[in-house]
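[1] Build me a model:
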Amino acid sequence: MSRPTTRDELLSAMDDRFDNLLELAATFPAAERESPGVCELWSLKDVLAHLRSWHLMFLGWEEEGRRGVKPEKPAPGFTWKMTPELNRALYEECKNEPWDEVLLGLQISHREVREVVSSYGDDLFEKRKYPWTGSTSVGSYAVSNTSSHYDWAAKLIRAFLRTLQAA
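    Next comes the predicted model:
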């Protein structure tokens, strides 16, 4: 699938791919939602919590950026090279949350990211427009934290479902 380059393309991709993700999650046997193996040791619940965590980070970056503050990206104490360590920390933080809370939190955070993306105009994908984005654009961060991330998760989920069906 092509990477969105306009606000409308991004909103459409976000919605389509999020809906696809939720449809895939709905086909998951309830007894398997917390079984490891979707992404190494992560379960379906863990993957969805991961997506929510990255939504929340994006929302934090964008909010700080609007206030004229340069956010610590990807998170305080972490560099982009430390993304695997950050993802492990996010997993540890969320691993004991109940399924219903994770799913609801993902739906809410998706809606909040969508509202932020909708608030931009043609400048969403303008590089270097906002100081907090550095050499990239708000749109690029949004794509990475939504539609592209949903594609990643859906691919993992489909592969895991195939292993369940083969068993």
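[2] any idea which residue sits dead centre in the chain?
    Centroid-nearest residue in the chain: Leu51, 3.5 Å away (criterion: C-alpha atoms, centre = their mean).
[3] gap between that one and Gly60?
    Taking C-beta to C-beta, to the nearest Å as the measure, Leu51 falls 15 Å from Gly60. (Each C-beta comes from the backbone N, C-alpha and C, glycine too.)
[4] what do you get for Ser53?
    For Ser53, the distance to Gly60 equals 11 Å [C-beta to C-beta].
[5] of the two, who's got more company?
    Ser53 (22 against 15; other C-beta atoms under 10 Å).
[6] low-confidence ranges in the protein?
    1 (pLDDT under 70).
[7] Now Arg3: closest residue in space, sequence neighbours ignored.
    Val143 (6.1 Å; C-beta to C-beta, 6 or more residues apart in numbering).
[8] Does the one you found touch Leu10 like I think?
    Yes: counting by C-beta atoms under 8 Å, Val143 touches Leu10, with 6.1 Å between them.
[9] what sits in contact with each of the two?
    Pro4 (C-beta atoms under 8 Å, 6 or more residues apart in numbering).
[10] Could you identify the helix or strand that succeeds the helix or strand hosting Gly105?
    Per DSSP states H and E, Gly105 falls inside helix 99-118. Sequence order places helix 138-145 as the next helix or strand after helix 99-118, per DSSP H and E.
[11] Any buried residues in the helix or strand just after that following helix, and which?
    Later in the chain than helix 138-145, the nearest helix or strand by DSSP H and E is helix 147-166. Across helix 147-166, burial judged by 16 or more other C-beta atoms under 10 Å covers 147-150, 152-154, 156-157, 160-161.
[12] Same check on stretch 19-39?
    In stretch 19-39, counting by 16+ other C-beta under 10 Å, buried: 21-22, 24-25, 28, 33, 38-39.
[13] Kindly report the same for stretch 81-88.
    86-87.
[14] again with stretch 128-136
    With the criterion 16+ other C-beta under 10 Å, stretch 128-136 contains buried residues 130, 132-133.
[15] which among the residues you listed gets closest to Arg3?
    Using C-beta to C-beta, Thr133 comes nearest to Arg3 of these, at 16.4 Å.
[16] Done for today, thanks.
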